[in-house]
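A.B. asks: Fold the following and give me the result.
(chains A and B, ligands or ions: 5)
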Amino acid sequence: MAVKKDYKDQKLAERLRDRKYYIPDSNPEFIKDVEKIGRTAAHMCYQCGTCTGSCPSAPRSSYRIRLFMRKAILGLEEEALTDPDLWLCTTCYSCTDRCPRDLAPTDAIMAMRNLAFKRDIVPRNFLKTAQLIYQSGHGVPNNAANRVAREKLGLEAEPETTHKYPEYLPGIRKIMDHYRLKENADRILAEGE
Amino acid sequence: MAEVKKYEEPRIGVFVCHCGTNIAGSINIKAVQEYAKTLPNVIIADDYQYMCSTPGQNKIAEAIKEQKLTGIVVAACSPRLHEPTFRNATKEGGLNPFRFEMANIREQNSWVHMHQPEEATAKAKDAVRIAVAKASLLEDLIPKSVPVEKTAMVVGAGVGGMQAALDLASAGIKTYLVEKEPTIGGKMSQLDKTFPTLDCSQCILTPKMVDVYRHEGIELLTYTEVEAVEGYIGNFDVTLRKKARGVLTPDEATARGIIGGGCTGCGDCTDVCPVIKPNPFELGMAPRKAIYIYHPQVSPLIYTVDFDACVKCGLCVEACGEERKAIDLDAKDELMNVKVGTVVLALGYDIFPIEKKFEWGYKHYDNVITSLEFERLICASGPTGGHLIRPSDGETPKRIAFVLCAGSRDNTGVGKPYCSRFCCMYSLKHAHQIIEKIPGAIPYIFYMDIRSFGKMYEEFYYRIQDEGAKFIRGRVANILEDPVTKNLHVNAEDTLLGRPIDMEVDLVVLAAAVQPSADTEKTRRLFGVSCSQDGWLLEAHPKLNPCGTTTAGVYLAGVCQGPKDIPDTVAQAEGAASAASIPIHRGEVELEPYFAVCMEDKCAGCGLCVNLCPYQALSLIEKDGRTVMHVTEAKCKGCGTCGGFCPGGAIWMQHFATPQIVAQIDAFLLGGEQ
Ligand SMILES: Cc1cc2nc3c(=O)[nH]c(=O)nc-3n(C[C@H](O)[C@H](O)[C@H](O)COP(=O)(O)OP(=O)(O)OC[C@H]3O[C@@H](n4cnc5c(N)ncnc54)[C@H](O)[C@@H]3O)c2cc1C
Ligand code: SF4
Ligand code: SF4
Ligand code: SF4
Ligand code: SF4
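C.D. replies: Ligands and ions are numbered 1, 2, ... in the order given. Predicted structure coming up:
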């Protein structure tokens, strides 16, 4: 267990916090959950770093996919799920293409996001995206400027999606309702106000 | 026998080698070559990219014929590497091969003066000048052939020595297998399972031990040590000390007229012996009596009396009985002499005393053990019947930390700078064993690198990770014991997270480094074999002659040459056996003709040299009514002790004769202006 000292000053207490890793701090179920949801044998990661080396997000942020794999193995659930970097994966799947142990780090990240969402830990922009999809079937809906641009290129104003075929929107909403995605997004956003 | 020629007028050819850029990169070859042409007696000076190649060697042979040369100088690498090559080329050209002299301008020059081209070139000129001075005085020499004893000796009967002995004996060579312990088998017999196949160590070793015991070509000498060695390749004269065992084999009993007697291995003696001592085979974790065997599979199955512990109560003698009469409490060490043609050293290794790295608390904390102790504890025939327990309380440990590189890859001067090479793999094996045997147990492997280099080894690593072993990349900094629970706190950094770890575990297993076995130093000196800085025996060439040594006729097998696992040990043992059988099958070996020659007309017969010779090669004889010194050429190693000493200058050291050496010194000091 981490050693706790009773510093009166909260800032000082945070700064001098015991950062050692102790086995009781970790949750051995975490790696199992990640593997079950992500359907990838994350415990076989040998930390080569090919994933981070491939990741377009890594050079532009502090996001390190390899570290998330490590934390999954060590059971550092709290740390992994509360880390805002978790949401910086673009799901490009470059890491999954190249991982020499044939793992899918992308899917491990998706699994961790799932687990985070279960605990209402989601960035607001992701929730707003969910609301937009509910409204329009699009994370990034069409707009006036886009329509002009499309026509200039000789395309139809609306793409071959729910924009053109709004009759499919109820289907999408049904799926989202099933997972209570909209409901949760609304709730979490409201709670955060 | 070749005709012995002496030349009046020296005619020397000099050849300067580029060795690609190895030499030419820092030495001005043309300048050296031009300089050589100005030296006295030099008829031709040439150069070539690689003198050791066929065209390079042809240059030498052709020049000898065309220019009627009397001596050859090649300025190139070391004589160790290519003297034989260039001697052959000299012979090809029709000269006696000993009319060749080498100037080392690579190892002793271009490689060490890489950034000083001018000085290096000047030094190369000096070396060539000195070599030319000697080459001008070289004479024809005829090597001597001596017959080779048709027997071999293997010292050390671990898996390496056993394999070498089996191969030699199966090739039809009578082989003495000398083992200092009462049984053969070495460290492998202490192991439980072996990576990466996980077959049981005893199961694959015991049949081999039986083969060794039964092979009619092997004379097995256990509880025996090498006492003294004389001679040289083909004719080693080895004195062995058979330590007093106190128990007769059936053969020994028969020889003493006790027909049908001798030790049957029944163990009745052990039952009655009142003296209890720790069993070193179990690393002290189990007892043995003063009359003992290490374990039930020993070979030969003959008991041994520990005379340091025995109180001579005689109970065992009584228990053994009148019929077998196997026990002789008055036994004394015996010396025996054997003559062998070649020798294989397979002296193995010991575990480094890891308590010297006090930060890990071995011998201080109950629950810190070594991996060899782990092998005995997890082994079904071990002291706990295969139940891994915590020494402090006998409980089954659940959280077990493995500390890799314990004492290896350590440059503090306390541990060993090298990688012990099998600890990564056996620690993976240990992780597997606890997962298999203890439900819910978790092995935590603290490592810097996992070196799983062998065939199917990386696959083994993959398998163990999949089975649930936890890997923490970081060397263990220190271990602290909880004085109440006797649990251990392992402190390290998870270097992959960049975070320190304090891991509380029930048991710590140190993958301790290995070091040359205790008697290696003594034994290697007896055989005149060199060792490297770290004490492992030195091979003749790390790549091209890994089984040979610089002492002709002595070969190496197994860990004594450097850490290696069982597959590599056995492979090297087969290589060493093959190399050791070559001189025996050829039947004779050529000795370098560098022996001392007595110039009898100058010898006063004083005999002072006789006692100086470290190899007992000299004696006084009567000849034509005078006492003169006589050299036994096969014994003389050409060390020069006598030649340097003789007050009358009556000893001529062939190939290193006084006039030749003086000419070299003059050439150096006088800069060629004689
Ligand atoms: C904990 C542990 C686990 C291991 N597990 C594995 C494994 O799973 N798989 C694997 O491939 N390898 C394993 N190894 C390595 C293996 O032990 C060695 O590769 C092998 O034992 C080397 O055999 P050897 O004959 O060279 O030396 P040794 O086994 O040490 O034999 C040397 C013999 O020579 C004798 N001797 C020494 N000096 C003299 C002398 N002066 N005169 C007479 N006799 C002498 C000794 O008494 C000994 O019998 C393990 C090692 C350890 C420490
Ligand atoms: S590429 Fe694969 S094995 Fe390598 S660190 Fe990333 S997830 Fe692990
Ligand atoms: S899928 Fe995500 S983690 Fe993998 S490379 Fe792409 S952005 Fe990086
Ligand atoms: S084999 Fe592995 S544990 Fe042993 S010294 Fe080498 S790297 Fe370290
Ligand atoms: S990481 Fe630290 S302890 Fe290890 S070698 Fe470097 S300086 Fe030394």
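A.B. asks: count of residues packed around B:C639?
C.D. replies: 18 (other C-beta atoms under 10 Å in any protein chain shown). In this view, the C-beta of every residue, glycine as well, is placed from N, C-alpha and C.
A.B. asks: do the same with B:T569
C.D. replies: B:T569 has 28 neighbouring residues, counting by other C-beta under 10 Å.
A.B. asks: Ok, B:N22 next?
C.D. replies: 19.
A.B. asks: Surely it is in a strand?
C.D. replies: No. Counting by DSSP: H, G, I helix; E, B strand; the rest coil, B:N22 falls outside a strand, being coil.
A.B. asks: which residues sit in contact with it?
C.D. replies: For B:N22, the contacting residues are B:C77, B:R106, B:S110, B:W111, by C-beta atoms under 8 Å, 6 or more residues apart in numbering or on different chains.
A.B. asks: closest to ligand 2 among the residues you listed?
C.D. replies: B:W111 (40.3 Å; C-beta to the nearest ligand atom).
A.B. asks: gap between the closest residue to the closest one other than its chain neighbours and ligand 4?
C.D. replies: In space, not counting the residues next to it along the chain, B:W111 is nearest to B:N22; the distance is 7.3 Å by C-beta to C-beta, 6 or more residues apart in numbering or on different chains. According to C-beta to the nearest ligand atom, to the nearest Å, B:N22 and ligand 4 sit 32 Å apart.
A.B. asks: Against B:N109, how distant is B:N22?
C.D. replies: As judged by C-beta to C-beta, to the nearest Å, B:N22 and B:N109 stand 10 Å apart.
A.B. asks: One more: B:E318?
C.D. replies: Separation of B:E318 from B:N109 (C-beta to C-beta) stands at 75 Å.
A.B. asks: How about B:Y35?
C.D. replies: 14 Å.
A.B. asks: Show me how far stretch B:430-448 is from its chain's centre.
C.D. replies: Mean C-alpha position of stretch B:430-448 versus that of the full chain (C-alpha atoms, centre = their mean, to the nearest Å) differs by 35 Å.
A.B. asks: Quick one: check it for contact with ligand 1.
C.D. replies: No. Stretch B:430-448 lies out of reach of ligand 1 by C-beta under 6 Å from any ligand atom, never closer than 8.0 Å.
A.B. asks: Now that stretch: buried residues?
C.D. replies: Within stretch B:430-448, the residues scored as buried using 16 or more other C-beta atoms under 10 Å in any protein chain shown are B:430-435, B:438, B:441-447.
A.B. asks: How about that stretch and chain A, any contact?
C.D. replies: No. Against chain A, stretch B:430-448 shows no contacts by C-beta under 8 Å from any C-beta of the partner chain, the least distance being 8.6 Å.
A.B. asks: Could I have the CA atoms of that stretch written out in PDB?
C.D. replies: Extracted C-alpha coordinates of stretch B:430-448, given in PDB (Å, rounded to 0.1, in the frame of the first residue of the first chain):
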ATOM      1  CA  HIS B 430      10.800 -22.100 -13.000                       C
ATOM      2  CA  ALA B 431       7.800 -19.700 -13.700                       C
ATOM      3  CA  HIS B 432       6.200 -22.500 -15.600                       C
ATOM      4  CA  GLN B 433       6.800 -25.000 -12.800                       C
ATOM      5  CA  ILE B 434       5.100 -22.900 -10.200                       C
ATOM      6  CA  ILE B 435       2.100 -22.100 -12.400                       C
ATOM      7  CA  GLU B 436       1.800 -25.800 -13.000                       C
ATOM      8  CA  LYS B 437       2.300 -27.000  -9.400                       C
ATOM      9  CA  ILE B 438       0.800 -24.300  -7.200                       C
ATOM     10  CA  PRO B 439      -2.800 -23.200  -8.100                       C
ATOM     11  CA  GLY B 440      -3.100 -19.400  -8.100                       C
ATOM     12  CA  ALA B 441       0.600 -18.800  -7.800                       C
ATOM     13  CA  ILE B 442       2.000 -15.900  -9.700                       C
ATOM     14  CA  PRO B 443       5.600 -15.700 -10.900                       C
ATOM     15  CA  TYR B 444       6.900 -12.100 -11.200                       C
ATOM     16  CA  ILE B 445      10.000 -12.100 -13.400                       C
ATOM     17  CA  PHE B 446      12.300  -9.100 -12.900                       C
ATOM     18  CA  TYR B 447      14.500  -8.900 -16.000                       C
ATOM     19  CA  MET B 448      16.600  -6.500 -18.000                       C
END
